[in-house]
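Student: quick check, what structure comes out for this input:
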Amino acid sequence: MALQTSRPRRLRKTETLRRLVRETTLSANDFVLPLFIVYGTNIKKPIASMPGHFQISVDKVADECKEILELGIPAVILFGIPETKDNLGTSASDPKGPVQLAIKEIKKHVPELLVITDVCMCEYTSHGHCGVIRNNDVDNDSTLELLSDEAVSHAEAGADMVAPSDMMDGRVRAIRHKLDSRGFREIPIMSYAAKYASAYYGPFRDAAESTPQFGDRRSYQMDPGNTDEALREVALDVAEGADIIMVKPALPYLDIIRRIKDNFNLPIAAYNVSGEFSMIKAAAEKGWIDGDRVMMETLTSIKRAGAGIIITYFAKEAARLLRSTK
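Tutor: Numbering: from 1, shown residues only. Coordinates of the predicted model:
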């Protein structure tokens, strides 16, 4: 029998060896944690479909963010649930809105934490869609002004970065222009460039109270069967001034992350969305999977695909686990 000279198993023998040659490693520095901010005081309302997550009032946000920073997580992304909603989502740019007040509270008490804000209309409109409704559909160009005003209001409150998630054509250019004209040239834009019309968003819509009251979002979010279109969307957003590109959801679109990584020289974020989180949590609760191992394997797969930034509801759990295994 010929000698077997190539034995890849040699480098798998011990945990120390495996760690030494590991190609993809996770760090708490990779994570961004979403937070849901509501009006009122002393509110920490559990989100039933997302175990361990809450709608929290502004007075609770500083303590939450201190814990986040202590775990080594560098950033949060804020979603607001307003006190009132209307057809135009006018409360989105209210300087006394939940997101705007939360930004100020975080910057006052936890200034080191990077604050990113989601820029969209769906949480603020009475119909739950991402912009102005005309002829039973979202009117693209009318929505751009509202999104730009919202982004400026976040910057004025002290946000470090804005992240438009609406999928309106031309919104990155419109937001960049208005930010620059108001003196916020240094505020980066993280664009939800390839955001798919996904069934994985269900628990988020409970958390953000943003379920559409009629129809769906397939006329403005991307078709799940398309990949070349994602590259076109990214190219447009890069040309319009996006500083970071995001893919949402993450797991069903790892191939999209990789294609973007191979074609664009910009930081890439991926949103490990609520449905991905909740499925793992539910299966772990049933005892069908090892929740911690599946969590870490999932996050590693997203980074391995090419995302350097992972927006995830697992951020705190994963950061604790990484710390405990050092």
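Student: pLDDT weak spots in this protein?
Tutor: Within the chain, the stretches with pLDDT under 70 are 1-2, 205, 208-217, 326.
Student: where is the longest helix in it?
Tutor: Longest helix in the chain, counting residues (DSSP state H): helix 140-157.
Student: secondary structure class for the nearest residue to residue 241 once chain neighbours are set aside?
Tutor: Spatial nearest neighbour of residue 241, chain neighbours left out: residue 176 (3.9 Å); criterion: C-beta to C-beta, 6 or more residues apart in numbering. Using the backbone N, CA and C atoms, a C-beta is placed for each residue, glycine as well. For residue 176, the secondary structure call by DSSP: H, G, I helix; E, B strand; the rest coil comes out as helix.
Student: kindly report the same for residue 190.
Tutor: strand.
Student: what of residue 195?
Tutor: strand.
Student: now do the contacts for residue 237.
Tutor: 172, 191, 193, 245 (C-beta atoms under 8 Å, 6 or more residues apart in numbering).
Student: just checking, the third one touches residue 234?
Tutor: Meaning residue 193. Yes - between residue 193 and residue 234 there is a contact under C-beta atoms under 8 Å: 4.6 Å.
Student: any common contacting residues for the two?
Tutor: Counting by C-beta under 8 Å, 6+ apart, the contacts common to residue 193 and residue 234 are 245, 260.
Student: check which helices and strands the strand or helix carrying residue 32 sits against.
Tutor: Element membership of residue 32, judged by DSSP states H and E, is strand 31-38. Here strand 31-38 touches strand 54-57, helix 58-70, strand 75-81, helix 98-109, strand 309-312, helix 315-324, going by 3 or more C-beta pairs under 8 Å, 6 or more residues apart in numbering; DSSP states H and E.
Student: of those, which is nearest residue 10?
Tutor: Checking the helices and strands packed on strand 31-38 against residue 10 by C-beta to C-beta gives helix 315-324 as the closest, at 26.7 Å.
Student: ok, residues contacting that closest one?
Tutor: Identification of contacts with helix 315-324 by C-beta under 8 Å, 6+ apart yields 26-28, 31-33, 52, 67-68, 71-73, 292, 295-296, 299, 312.
Student: can you give me the buried ones in that helix?
Tutor: Neighbour counts over helix 315-324 (16 or more other C-beta atoms under 10 Å) mark 315-319, 321-322 as buried.
Student: same thing with stretch 49-66?
Tutor: 49-50, 53-58, 60-62, 64-65.
Student: what's the span of stretch 279-299 from first residue to last?
Tutor: Taking C-alpha to C-alpha, to the nearest Å, stretch 279-299 runs 14 Å from one end to the other.
Student: ok, stretch 108-126 next?
Tutor: 32 Å.
Student: buried residues, that stretch. List them.
Tutor: Here stretch 108-126 shows 110, 113, 115-125 as buried, counting by 16+ other C-beta under 10 Å.
Student: ok, back up a step: sheet-wise, list the partners of the strand holding residue 32 with their directions.
Tutor: Partners of strand 31-38 in the sheet, by DSSP bridges, are strand 54-57 (parallel), strand 75-81 (parallel), strand 309-312 (parallel).
Student: after that strand, next one along is what?
Tutor: Strand 31-38 is succeeded, C-terminally, by strand 44-46 (DSSP H and E).
Student: so what are the sheet partners of that following strand and their directions?
Tutor: strand 54-57 (antiparallel).
Student: which residues does residue 113 contact?
Tutor: Neighbouring residues of residue 113 by C-beta under 8 Å, 6+ apart: 65, 68-69, 74-76, 106.
Student: in these, find the pair that's most separated.
Tutor: Most distant of the contacts of residue 113, by C-beta to C-beta, are 74 and 106, 12.8 Å apart.
Student: more neighbours, these two?
Tutor: Higher neighbour count among residue 74 and residue 106: residue 106, with 29 against 18, using other C-beta atoms under 10 Å.
Student: hmm, that one is touching residue 76, no?
Tutor: Yes - the pair residue 106 / residue 76 is scored as a contact, 7.5 Å apart, by C-beta under 8 Å.
Student: which neighbours do the two have in common?
Tutor: Counting by C-beta under 8 Å, 6+ apart, the shared contacts of residue 106 and residue 76 are 65, 113, 115.
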